[in-house]
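**Student:** Structure for the following, please:
(one chain, ligands or ions: 2)
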Amino acid sequence: MQANTTRGFLWSDVETRTLLNIWGEQDIQAALDGNFRNSFVYRDVSRRLGAMGFDRTPEQCRVRIKSLKRQYLLAKEGNLPNNGQYHKICKFYDTMERILSTRPTLELMESGMGVEEAGDGLEEDGEDAQDAESTGEWPYPHHETDVKQECPTIPIPIPVKGTVGNNSTTARPHNSSHSVSSLPARTPKRPRKRRSNFPVEKLMEQFLEQSAQAEDNFYRVEEQRLQSEDRRRDAEHTRELHMLQMLAQMFSSISSARPSSAAKMATPLARAPVISSTSPTHARGHPRCSSPQKDSFSPKSQPLSTDVLELQRYYSLSLSSHRAMDDDIISIVKRIIPPLTSKKHKGQDGRIGIIGGCQDYTGAPYFAAISALKVGADLSHVFCTKDAAAVIKSYSPELIVHPVLDSPNAVEEIEKWLPRLHSLVVGPGLGREDFLLKTAKEVIERSKAREIPIVIDADGLWLITQQPSVIQGYQKGILTPNFMEFTRLFEALHHKPVNSRDQPHSVMQLSGTLGNLTMVLKGEQDLITDGSKVYSCSVEGSGRRCGGQGDLLSGSLGVLAHWAYSASAAGVIRSVNPSVVAAFGACSLTRQCNSQAFQQHGRATTTSDMIQEIGPAFRKLFES
Ligand SMILES: NC(=O)C1=CN([C@@H]2O[C@H](COP(=O)(O)OP(=O)(O)OC[C@H]3O[C@@H](n4cnc5c(N)ncnc54)[C@H](OP(=O)(O)O)[C@@H]3O)[C@@H](O)[C@H]2O)[C@@H](O)CC1
Ligand SMILES: Nc1ncnc2c1ncn2[C@@H]1O[C@H](COP(=O)(O)OP(=O)(O)OP(=O)(O)O)[C@@H](O)[C@H]1O
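**Tutor:** Ligands and ions are numbered 1, 2, ... in the order given. Predicted coordinates:
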């Protein structure tokens with residue numbers, strides 16, 4: 001057997017127990033007791049340990065025992081309550097207690113130094129801490145564990161000192177078997193500071209507190225890392241799936257090789273820069289989302305993508321309903337829809353938050369949240385007032401309802417969820433109480449900081465009318481006013497009445513004033529703009545105008561906005577404003593639902609009937 005001379009080598013519990021059993025044997029204790037020189041005793045301990053199958057040098061045994069004694073003393077001096085705390089400091093406390101309580105010299109040892117330690121001459125400052133660390137049992141940083149070491153009552157002459165630079169070094173014996181008479185050449189132990197009433201419990205508390213803090217920090221950083229990793233993986237996944245989808249589409253169109261579609265792609269109109277430079281807000285453009293015009297104006301622009309071709313063709317024509325144009329934009333909407341595959345987990349296709357729902361209005365947030373789910377979001381959260389929560393829950397077990405909107409720390413409660421949300425819809429059934437609007441405002445600010453797409457509807461628009469700066473210039477903000485809401489907002493910002501005969505111009509003006517925000521003016525035709533051009537969605541609906549259709553629209557838009565921005569980030573759609581694509585998709589869907597529900601229910605059509613149609617309408621528009 002080769003002796004293991006590594007001082008830092010870990011002692012296993014069984015090895016330590018065997019050592020303690022040997023060390024605790026009567027003859028060993030007797031030999032140690034009263035003997036200043038103990039090296040021969042540890043040689044014996046080492047030999048006996050070897051016979052038990054553990055190969056340790058006498059010095060390793062001595063150091064290990066010393067470390068155990070120090071832990072024992074620390075636990076003992078700390079007067080720790082009998083709740084097992086001393087076991088945290090000294091794992092072998094009971095065995096040590098049994099052995100040492102029979103030692104007559106315990107008094108001396110308890111004052112910091114056992115006789116057996118005194119004369120070995122092998123000790124270095126700081127070696128105790130090293131021992132303890134190497135065993136993995138020392139619960140404190142070693143600078144906090146100094147225990148007073150008093151000199152033995154034998155006369156120790158002043159050591160001979162040598163000086164190296166500014167550092168004093170102390171002459172040390174090379175041979176531990178020197179007799180006591182040779183002690184003048186040896187280093188006396190430097191008396192260490194003793195902390196009277198050593199505050200072990202306090203240190204323990206501090207240590208545990210620091211550990212908890214460190215753990216918290218670790219988890220916080222880890223959580224952030226996982227989130228960003230999630231986002232990166234989602235984006236990558238979406239991009240790959242979309243690529244596959246596009247390839248599949250390409251193959252199927254090549255195989256069907258319809259001459260009409262080839263002609264469509266080759267239309268000269270599509271390649272021409274068709275946007276009028278007189279467009280009032282064009283020069284401002286989008287800081288983050290490049291608009292189609294930018295590409296068509298740039299002489300150095302890349303070959304135009306199909307998205308741009310389709311949208312340009314659309315821009316170049318009038319606003320009146322045109323089935324082919326709707327089809328073009330819908331084909332872009334189709335590309336943002338994430339494919340359904342078995343590779344995904346819950347949440348990847350959208351976690352949407354609705355801020356709204358109060359005592360008076362429980363239907364609106366429900367319509368928005370359930371529509372988001374029916375369109376394809378995986379999870380839909382409603383943040384409402386306490387008295388609305390139970391009612392909303394009772395409409396649907398599918399919704400996650402948080403009764404926090406009127407709590408004193410509403411903003412913090414909602415903010416906790418923001419990192420998990422992909423988009424936010426603010427306003428359906430929110431009410432107009434000042435304190436609710438204040439909360440909504442703060443939540444919008446914090447969502448902006450996280451670059452979450454935000455749809456603002458209904459009472460959320462009331463807030464914007466009072467304080468337009470809340471959303472002004474936020475490119476991922478989408479406003480969905482009905483005519484009344486639009487009028488209020490327009491008049492507040494432009495200090496003049498809306499020219500209702502030229503709604504496209506008015507809506508573009510308002511969007512421009514708000515920093516090219518995407519805006520949907522709902523009505524007979526839904527007008528969609530990002531300040532550069534107006535798109536009209538006139539998918540056929542019906543004459544039925546039941547309340548709640550706008551909520552269906554805003555909830556759907558929440559999901560589509562998330563998909564559009566993910567598709568844009570993944571490079572699946574380029575050179576188009578994702579908000580506009582999403583808005584067009586949501587308007588088409590709402591109108592299609594209205595039409596289908598009306599075919600079945602006629603005048604009796606309600607928003608719930610329309611919600612039932614979301615699945616079939618979605619398939620018809622985007623998956624056929
Ligand atoms: N089941 C529920 O819980 C539902 C709750 N909802 C929630 O109710 C809250 C308040 O929303 P809101 O739309 O009723 O309020 P507001 O904007 O003041 O409009 C009020 C007045 O404006 C007018 N008006 C409206 N549209 C117009 C138009 N196109 N063109 C012209 N005028 C128009 C019309 O005036 P009137 O014709 O009555 O004179 C109307 O009475 C909000 O939180 C919302 O989410 C709804 O979502 C519905 C389902
Ligand atoms: N005159 C109309 N003709 C056809 N469709 C319309 C008409 N007005 C509204 N719509 C459709 O209804 C949708 C919702 O618009 P509406 O004006 O009802 O919103 P809202 O008043 O905000 O709704 P809510 O009742 O949810 O508050 C629009 O996107 C559009 O599709």
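
**Student:** Quick one: residues contacting the residue in the stretch 451-600 of the chain that ligand 2 sits nearest to.
**Tutor:** Closest residue of the stretch 451-600 of the chain to ligand 2, Cβ to the nearest ligand atom: residue 550 (2.4 Å). C-beta here means a position set from N, CA and C on the backbone, and glycine is covered the same way. The neighbours of residue 550, taking Cβ atoms under 8 Å, 6 or more residues apart in numbering as the test, are 428, 457, 458, 480, 482, 522.

**Student:** How is this protein divided into domains?
**Tutor:** Listed domain ranges for the chain are 13-101, 328-338+346-623 (source: the TED database).

**Student:** any idea which helix or strand carries the residue of the stretch 451-600 of the chain closest to ligand 2?
**Tutor:** Here residue 550 sits within helix 549-569, counting by DSSP states H and E.

**Student:** is ligand 1 contacted by that helix?
**Tutor:** Yes: using Cβ under 6 Å from any ligand atom, helix 549-569 comes into contact with ligand 1 via 550, 551.

**Student:** Give the buried residues for whichever helix or strand comes after that helix.
**Tutor:** Sequence-wise, the next helix or strand downstream of helix 549-569 (DSSP H and E) is helix 578-601. Using 16 or more other Cβ atoms under 10 Å as the burial criterion, the residues of helix 578-601 that qualify are 578-598, 601.

**Student:** Compute the mean per-residue pLDDT across the host helix or strand of residue 223, please.
**Tutor:** Element membership for residue 223, per DSSP H and E: helix 200-256. Across helix 200-256, pLDDT averages out at 75.

**Student:** So which elements touch that helix?
**Tutor:** Packing partners of helix 200-256 (3 or more Cβ pairs under 8 Å, 6 or more residues apart in numbering; DSSP states H and E): helix 58-77, helix 85-89, helix 323-336, helix 549-569.

**Student:** Pipe these into JSON lines and attach distance to residue 231 and mean pLDDT per row.
**Tutor:** JSON lines is the format used below for those (distance: least, Cβ to Cβ, whole Å; pLDDT from 0 to 100):
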{"stretch": "helix 58-77", "distance to residue 231": "48", "mean pLDDT": "87"}
{"stretch": "helix 85-89", "distance to residue 231": "41", "mean pLDDT": "73"}
{"stretch": "helix 323-336", "distance to residue 231": "17", "mean pLDDT": "85"}
{"stretch": "helix 549-569", "distance to residue 231": "9", "mean pLDDT": "98"}
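
**Student:** contacting residues around residue 614?
**Tutor:** 371, 374, 375, 552, 556, 589, 593.

**Student:** Try it again at 7 Å.
**Tutor:** Contacts here follow Cβ atoms under 7 Å, 6 or more residues apart in numbering; on that basis residue 614 touches 371, 374, 375, 593.

**Student:** Give me the pLDDT for it.
**Tutor:** 98.

**Student:** Enumerate the residues of the stretch 451-600 of the chain near ligand 1.
**Tutor:** Proximity of the stretch 451-600 of the chain to ligand 1 is confined to 458, 459, 482, 483, 484, 485, 547, 548, 550, 551 under the rule Cβ under 6 Å from any ligand atom.

**Student:** so where's the chain shaky on pLDDT?
**Tutor:** Residue ranges of the chain with pLDDT under 70: 1-9, 34-36, 79-84, 103-199, 245, 248-249, 251-325.

**Student:** ok, which stretches of it are strands?
**Tutor:** Using DSSP state E, the strands of the chain run over residues 161-164, 167-170, 351-355, 379-384, 400-403, 423-426, 454-456, 477-479, 518-521, 526-529, 534-537.

**Student:** Please dump the ones you listed into JSON lines; it should also carry distance to ligand 2 and mean neighbour count for every row.
**Tutor:** Output for the strands of the chain, formatted as JSON lines (distance: least, Cβ to the nearest ligand atom, whole Å; neighbours: other Cβ atoms under 10 Å):
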{"stretch": "strand 161-164", "distance to ligand 2": "86", "mean neighbour count": "9"}
{"stretch": "strand 167-170", "distance to ligand 2": "82", "mean neighbour count": "10"}
{"stretch": "strand 351-355", "distance to ligand 2": "13", "mean neighbour count": "29"}
{"stretch": "strand 379-384", "distance to ligand 2": "15", "mean neighbour count": "27"}
{"stretch": "strand 400-403", "distance to ligand 2": "19", "mean neighbour count": "19"}
{"stretch": "strand 423-426", "distance to ligand 2": "12", "mean neighbour count": "31"}
{"stretch": "strand 454-456", "distance to ligand 2": "11", "mean neighbour count": "29"}
{"stretch": "strand 477-479", "distance to ligand 2": "11", "mean neighbour count": "28"}
{"stretch": "strand 518-521", "distance to ligand 2": "7", "mean neighbour count": "29"}
{"stretch": "strand 526-529", "distance to ligand 2": "5", "mean neighbour count": "26"}
{"stretch": "strand 534-537", "distance to ligand 2": "8", "mean neighbour count": "23"}
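
**Student:** Make JSON lines from those and add distance to residue 86 to it.
**Tutor:** Putting these into JSON lines (distance: least, Cβ to Cβ, whole Å) gives the following:
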{"stretch": "strand 161-164", "distance to residue 86": "40"}
{"stretch": "strand 167-170", "distance to residue 86": "35"}
{"stretch": "strand 351-355", "distance to residue 86": "49"}
{"stretch": "strand 379-384", "distance to residue 86": "49"}
{"stretch": "strand 400-403", "distance to residue 86": "46"}
{"stretch": "strand 423-426", "distance to residue 86": "54"}
{"stretch": "strand 454-456", "distance to residue 86": "57"}
{"stretch": "strand 477-479", "distance to residue 86": "61"}
{"stretch": "strand 518-521", "distance to residue 86": "67"}
{"stretch": "strand 526-529", "distance to residue 86": "72"}
{"stretch": "strand 534-537", "distance to residue 86": "75"}
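
**Student:** Would you mind listing what in the protein touches ligand 1?
**Tutor:** Checking the chain against ligand 1 by Cβ under 6 Å from any ligand atom, the hits are 361-364, 428-430, 458-459, 482-485, 547-548, 550-551.
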